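Chemist: Give me the fold of what follows.
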Amino acid sequence: MAKKIPLRQCVGCGEMKSKKEMMRVIKTPEDEILLDVTGKQNGRGAYLCKNADCLKAAQKSKGLERSLKHAISKEVYDNLLKEFDKLNE
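Modeler: So this is what the prediction gives:
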């Protein structure tokens, strides 16, 4: 029997992809918004494609805020964008 690949929906573009193809953004119990590179950290998670356009789309549509049930400041988005750029170098 073939192993089922868990799919996740990008909160930016709405595309369904496997977990390995996506980045996880989490809200920790301390209400910090972080990029979860390992995919194993505790906290409420939302998934984004590994490109900055999806992050910008999620910011514009407030998709990330809805998924994490938390308001996100511009500084947090700027930090996430910087982390995205580092990962894609």
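
Chemist: Give me the contacts around the lengthiest helix in the chain.
Modeler: When every helix of the chain is counted residue by residue (DSSP state H), the longest turns out to be helix 74-87. Identification of contacts with helix 74-87 by Cβ atoms under 8 Å, 6 or more residues apart in numbering yields 23, 25, 33, 35, 37, 50-52, 55-56, 59. Yep, even glycine has a C-beta here, placed from its N, CA and C like the rest.

Chemist: With respect to residue 70, which of the residues you listed is nearest?
Modeler: Nearest to residue 70 out of the contacts of helix 74-87 is residue 33 (Cβ to Cβ; 7.1 Å).

Chemist: Nearest spatial neighbour of the closest one, chain-adjacent residues omitted?
Modeler: Counting by Cβ to Cβ, 6 or more residues apart in numbering, residue 33 lies nearest to residue 76, which is 4.8 Å off, once chain neighbours are set aside.

Chemist: How many residues are close by that neighbour?
Modeler: For residue 76, the tally of surrounding residues (other Cβ atoms under 10 Å) stands at 17.

Chemist: Fine by me, thanks again.
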